[in-house]
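Enquirer: Okay, sequence plus prediction incoming.
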Amino acid sequence: MTVAVHWLLQAAADVPAGDDWLTPAERVRLAALRAPRRRADWRLGRWTAKRAVAASLAGDGPPPAPAAVEVRAAADGAPEAFVGGHPAPLAISLSHRAGLAVCMAAPAGTALGCDLELVEPRSDAFVADYLTAPERAAVQAATATDRALLVALLWSAKESALKALRSGLRLDTRWVAVDPPAPAGLGCWHPLTVRHPATGRVLPGWWRHDAGRVLTVVATPPPSPPRAIQIGPPARPAAGPVRGDLWTSPDWIAACLSKLSHGEGGDGGNC
Ligand SMILES: CC(C)(COP(=O)(O)OP(=O)(O)OC[C@H]1O[C@@H](n2cnc3c(N)ncnc32)[C@H](O)[C@@H]1OP(=O)(O)O)[C@@H](O)C(=O)NCCC(=O)NCCS
């Protein structure tokens, strides 16, 4: 059995200047963030997640407005989506880097982690500190051209796995081992496997390389190649009370899960 995973990439320029798309609780959270870069990353991540959740839940009707979707941090820091105050039938994962953010969405209950990294030079000390012996050997064997891509990919795959395990960097990055993938072409999804030897868990996933950045995702159950979420303009905020009952009704959840499991709304294939 595989699960459908949908992804959305947004840039800082996509985020509205005002904050009326945030819920009151999210505005309180934002007010507590002092560092300008952290505030910008947080807003970009919330915007991306809200749009991904709204589009994933749209079905045949209008998507929920961004202000109707709330992305809360669980006690471990992992993002969780709510619509109208009720848990959305989705698992989500978030990453933000250098003015870009990605959100992946899968059916609720999926252990899901994604990560976005720049392909940039990383030192020998970085490789020695964070990679396992087989990963270091793969980096050593890589050509000078492939080295930066391979290191970014191994690091990103580890971060995805640590998010799927919900530990983040509380777990040593060498405790999750990436089967080093062969370099592959731009703009398509390629398979990836990360192992957590302590528990015997295997986290299958996908990676892609576009314009100087690497995107990875891992999940259990195993994910099918991620499909891009197609979005239009955001839905206007609903006049009157938020229809949380509509987006969490059993019929609607069944329709949404069916849409996700059939992989509708994507770009087809691995590219
Ligand atoms: C999860 C983690 C590895 C991501 O780090 P990163 O690569 O710098 O950042 P990314 O942009 O790729 O991902 C950040 C997102 O990961 C998600 N995330 C955070 N902790 C998570 C966890 N335990 N499991 C899954 N996802 C998590 C959040 O959505 C976060 O974005 P947000 O805070 O804006 O909502 C890192 O934040 C971490 O290890 N956190 C847990 C440990 C911790 O809290 N440390 C605090 C300082 S000691």
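Expert: Happy to help now that I have it.

Enquirer: What parts of the stretch 51-200 of the chain come near the ligand?
Expert: Within the stretch 51-200 of the chain, the positions near the ligand by C-beta under 6 Å from any ligand atom are 73, 76-79, 94-96, 115, 159, 162-163, 166-170. C-betas here are computed from N, CA, C, even on glycine.

Enquirer: Can you pull out the low-pLDDT segments for the chain?
Expert: Along the chain, segments meeting pLDDT under 70 span 60, 233-269.

Enquirer: domains in it, as residue ranges please.
Expert: Segmentation of the chain into domains, based on automatic domain parsing, reads 6-110+226-261, 115-220.

Enquirer: Next, format those domains as a markdown table and append mean neighbour count.
Expert: Shown next, in a markdown table, are the domains of the chain (neighbours: other C-beta atoms under 10 Å):
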| stretch | mean neighbour count |
| --- | --- |
| domain 6-110+226-261 | 18 |
| domain 115-220 | 18 |
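
Enquirer: ok, and the closest non-adjacent residue to the residue in the stretch 1-150 of the chain that the ligand sits nearest to?
Expert: Taking C-beta to the nearest ligand atom, the ligand has its nearest neighbour within the stretch 1-150 of the chain at G77, 2.7 Å off. Among residues not flanking G77 along the chain, G168 sits closest, at 5.9 Å (C-beta to C-beta, 6 or more residues apart in numbering).

Enquirer: what residues are up against the one you found?
Expert: D76, G77, L162 (C-beta atoms under 8 Å, 6 or more residues apart in numbering).

Enquirer: continuing past the helix or strand containing the last one, what's the next helix or strand?
Expert: Using DSSP states H and E, L162 falls within helix 144-164. Downstream of helix 144-164, the first helix or strand assigned by DSSP H and E is strand 177-178.

Enquirer: Tell me the neighbouring strands of that next one, and mark each as parallel or antiparallel.
Expert: According to DSSP bridges, strand 177-178 has the following sheet partners: strand 190-196 (antiparallel).

Enquirer: what helices or strands is whichever helix or strand comes after the strand it pairs with leaning on?
Expert: Using DSSP H and E, the helix or strand that directly follows strand 190-196 along the chain is strand 201-210. Applying 3 or more C-beta pairs under 8 Å, 6 or more residues apart in numbering; DSSP states H and E, we find strand 201-210 packed against helix 144-164, strand 190-196, strand 213-220.
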